[in-house]
Each structure stands twice: as structure tokens, then as C-alpha cells.
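# Here is the input, now give the coordinates:
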Amino acid sequence: MTKTNKSTPAASTERILTEEEILKMDDKDYMNPAQMAFFKAKLQALEKELLKNADETTEHLRETVLVPDPADRATIEEEHALELRTRDRERKLLKKVQQSIVAIDAGDYGWCEETGEPIGIPRLIARPTATLSLEAQQRRELKQKLYGD
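Purely as a prediction, here's the structure:
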């Protein structure tokens with residue numbers, strides 16, 4: 001199956017469909033405007049949450065607590081390091097979310113970058129930033145396992 005429906009989502013005031021409604025749609029409706037609107041709303045909500053978490057981390061790290069006990073100070077520093085690693089992963093995810101939103105606006109969202117095949121609604125619901133079909137992702141992971149990065 002190849003890329004056949006490359007339409008951009010229409011700006012509409014219609015309600016956003018639910019996951020159940022999206023999953024029940026026929027394959028011929030793949031990446032129609034309603035599905036694009038669903039995924040754009042999902043991605044925008046995720047983007048908003050990631051940005052909020054980043055702001056909270058910034059505020060939390062600005063709070064300086066002077067703790068005289070070295071063990072307590074080490075615990076606080078370790079918590080800060082863990083929080084920063086988490087935010088770094090979220091920063092990378094935020095970049096993917098924003099790229100996915102751009103792909104929706106361009107009408108390219110939902111299609112495998114390698115094969116041009118549909119990625120699939122269930123996979124996109126589970127991982128809205130997916131850019132490869134399940135098969136293409138498995139091939140890529142196998143190559144990485146065999147040959148390294």
C-alpha cells in the first residue's frame with residue numbers, strides 16, 4: 001500500500017474524535033482530516049505538558065536549600081541530577097513532538113519515512129511521534145543490534 005491520501009487537516013470547529021472512534025475507522029479513511037486533527041490535538045497536549053514540566057524543573061532547581069549535612073546535600077544533588085536527565089529525555093521528545101506537528105501541517109504525518117507505507121493508527125496512538133512503520137522500525141533495530149550505531 002502506498003501513500004494515497006496526502007491531505008492537510010482542515011481547520012474546523014468539529015469535535016475531536018476519541019481513540020475508539022479513530023480505531024474503528026476503515027483503512028480507506030487513513031489520515032483523513034479527522035484523524036489528523038485527533039493526532040494534532042494529542043501532540044499539542046503532549047507538547048504543552050512537556051513545556052510545563054520544563055518550567056517546573058527550572059523553578060525547582062532555582063530553589064536553593066542550604067543543607068549542612070553532607071549526606072542530605074548528596075541526596076539533593078542526586079535528585080537534581082535525576083531530574084535533569086529526565087528533562088533531557090523530555091527535551092528530545094519535545095523536538096520529536098514538534099516535528100510531528102509540522103508533519104501534520106505538511107500532510108506527511110502517518111506515513112513511514114523509509115517505505116511510504118502507512119505507519120498504522122494503533123502504533124501512532126501508542127507512539128504519536130513514530131516516523132517508521134513497525135516493520136521498518138524492527139529492521140532498523142536489527143541492523144543496529146548487528147552492526148552497531
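
# Can you name every helix or strand that the lengthiest helix in the chain contacts?
The residue-count maximum for a helix in the chain (DSSP state H) belongs to helix 70-106. In this structure, helix 70-106 makes packing contacts with helix 33-62, judged by 3 or more CB pairs under 8 Å, 6 or more residues apart in numbering; DSSP states H and E. In short, each C-beta sits where N, CA and C put it, glycine included.

# Now the helix it packs on: average pLDDT?
What helix 33-62 shows for mean pLDDT is 91.

# low-scoring stretches of the protein, by residue?
1-14, 149 (pLDDT under 70).

# now with 80?
For the chain, the stretches with pLDDT under 80 are 1-14, 60-66, 148-149.

# Pick out the residue nearest the middle of the chain.
Central residue of the chain (CA atoms, centre = their mean): residue 129, 3.7 Å from the mean position.

# ok, for that residue, nearest residue in space, not its chain neighbours?
Spatial nearest neighbour of residue 129, excluding adjacent residues (CB to CB, 6 or more residues apart in numbering): residue 96 at 4.0 Å.

# that older thread, mind listing what's buried along the following helix or strand past the longest helix of the chain?
Downstream of helix 70-106, the first helix or strand assigned by DSSP states H and E is helix 121-126. Neighbour-count burial for helix 121-126, counted by 16 or more other CB atoms under 10 Å, picks out 121, 123-124.

# now, among the residues you listed, which is nearest to residue 114?
Closest approach between these and residue 114, by CB to CB: residue 123, at 14.1 Å.

# who are the neighbours in contact with the closest one?
Going by CB atoms under 8 Å, 6 or more residues apart in numbering, residue 123 touches 130, 133-134.

# What separation is there between it and residue 134?
Distance of residue 123 to residue 134, computed by CB to CB, to the nearest Å: 6 Å.

# so what sits against both of these two?
Both residue 123 and residue 134 lack any common contact, where contact means CB under 8 Å, 6+ apart.

# chain center to the helix or strand where residue 146 lies, what's the gap?
Per DSSP H and E: residue 146 is located in helix 134-147. Helix 134-147 sits 20 Å away from the centroid of its parent chain (CA atoms, centre = their mean, to the nearest Å).

# Okay then, goodbye and thanks.
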